[in-house]
Every structure is written in structure tokens, then in C-alpha cells.
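Asks: dropping the sequence and predicted coords here.
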Amino acid sequence: MSEAKQKYKTVHIYASMSESYEIKRTRKKVGTEKAFKLKGFLNPTKIEIDKPIYEFVEEAIPTGASSETEINSDQLTIDVENTCNELAEQGYRVINITPILRGAHRHRLVGTSKRGGGYGFGYSVTSGMMITAELI
């Protein structure tokens with residue numbers, strides 16, 4: 001005898017964090033230009049040289065650590081789509097998709113214990129998604 005399916009089903013999908021990147025500014029050679037240089041002291045002659053042209057470029061370098069504030073939204077999108085398709089194959093209709101948020105904060109004290117101050121801030125990060133489906 002087959003087991004009866006639940007009328008409603010809820011699935012929680014966890015969001016993975018993106019890879020953390022560090023912005024590094026480097027100087028890169030992008031080409032050359034023709035220039036003239038004087039050679040010799042008593043009888044100077046002009047010689048043509050190739051003078052390098054440099055440009056400052058900002059590159060995002062992976063740090064190898066996970067970000068504390070950025071989720072991997074591409075992977076979360078794929079996970080939500082796959083879960084919705086699996087629920088449909090099982091005979092369910094998705095009736096609600098709710099983001100699950102978590103709070104985070106940072107603070108820093110500046111100065112001495114007698115006189116000083118500080119600052120703090122808070123923000124929210126998507127922790128995952130909750131999908132609710134109904135048996136059709």
C-alpha cells in the first residue's frame with residue numbers, strides 16, 4: 001500500500017556565500033610609442049626608441065575565503081529552479097517562495113576607555129529560500 005502524500009510541503013534551500021575578492025591596482029604595459037633620445041655627449045645624435053606605455057588596471061583577485069556579505073546568487077537561482085521542478089514532478093504546485101534573511105553587524109570602538117567613541121552598522125544577508133508547495 002502506498003503512503004499518502006502530504007497536502008503541503010515546505011523545502012528550505014540554503015544560500016552559499018560567494019568567493020571573496022580583493023581589488024588590486026597594478027600597472028600594466030599596454031603598448032609602445034616612438035620617441036627620440038639624444039645619444040653621446042660631444043657629438044649628440046638622435047636615435048629612435050620604443051617608449052613603453054603603461055596603464056593602471058584594477059583587478060579582482062580571489063582571496064580563497066568566502067564573502068561575509070555576498071551570496072552566490074547564480075547558484076541559489078539554479079537550486080530554486082531545480083527544487084521547483086522536482087516539486088512539480090512529485091505533483092506539487094509552488095504557492096510561495098520566501099527569502100530567509102539573517103542579520104549581521106560590525107562595530108568598532110575608538111579612543112581610550114575614559115574618552116572615546118565608536119561606530120557600528122548592521123545589514124541583512126539572504127540566508128536561503130523557503131519554498132511552500134501544495135499537492136494538486
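Replies: Thanks, I have the structure now. Because the structure is a prediction, the values reported are computed rather than measured.
Asks: so Asp74 belongs to a helix, correct?
Replies: Yes: checked against DSSP: H, G, I helix; E, B strand; the rest coil, Asp74 lies within a helix.
Asks: that one: neighbour count?
Replies: Neighbours of Asp74 under the rule other CB atoms under 10 Å: 9. No exception for glycine: its C-beta is placed from N, CA and C like everyone else's.
Asks: let me know the pLDDT of it.
Replies: Asp74 carries a pLDDT score of 94 in this model.
Asks: how close does it get to Gly31?
Replies: 35 Å (CB to CB, to the nearest Å).
Asks: dihedrals phi and psi, the nearest residue to Leu76 once chain neighbours are set aside?
Replies: Nearest residue to Leu76, sequence neighbours excluded (CB to CB, 6 or more residues apart in numbering): Ala15, at 4.8 Å. Main-chain torsions, Ala15, degrees, to the nearest 10: phi -90, psi 130.
Asks: shouldn't Ala15 be in contact with Thr69?
Replies: No: taking CB atoms under 8 Å as the definition, Ala15 is not a contact partner of Thr69, at 12.0 Å.
Asks: so between these two, which is more surrounded?
Replies: Ala15 (20 against 11).
Asks: which residues touch the more buried one?
Replies: 71-73, 75-76, 126-129 (CB atoms under 8 Å, 6 or more residues apart in numbering).
Asks: can I get these in JSON lines including distance to Leu101 and neighbour count?
Replies: As requested, the contacts of Ala15 are exported to JSON lines (distance: CB to CB, whole Å; neighbours: other CB atoms under 10 Å):
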{"residue": "Ile71", "distance to Leu101": "11", "neighbour count": "18"}
{"residue": "Asn72", "distance to Leu101": "16", "neighbour count": "16"}
{"residue": "Ser73", "distance to Leu101": "14", "neighbour count": "12"}
{"residue": "Gln75", "distance to Leu101": "18", "neighbour count": "14"}
{"residue": "Leu76", "distance to Leu101": "13", "neighbour count": "18"}
{"residue": "Thr126", "distance to Leu101": "6", "neighbour count": "14"}
{"residue": "Ser127", "distance to Leu101": "6", "neighbour count": "16"}
{"residue": "Gly128", "distance to Leu101": "9", "neighbour count": "19"}
{"residue": "Met129", "distance to Leu101": "11", "neighbour count": "19"}
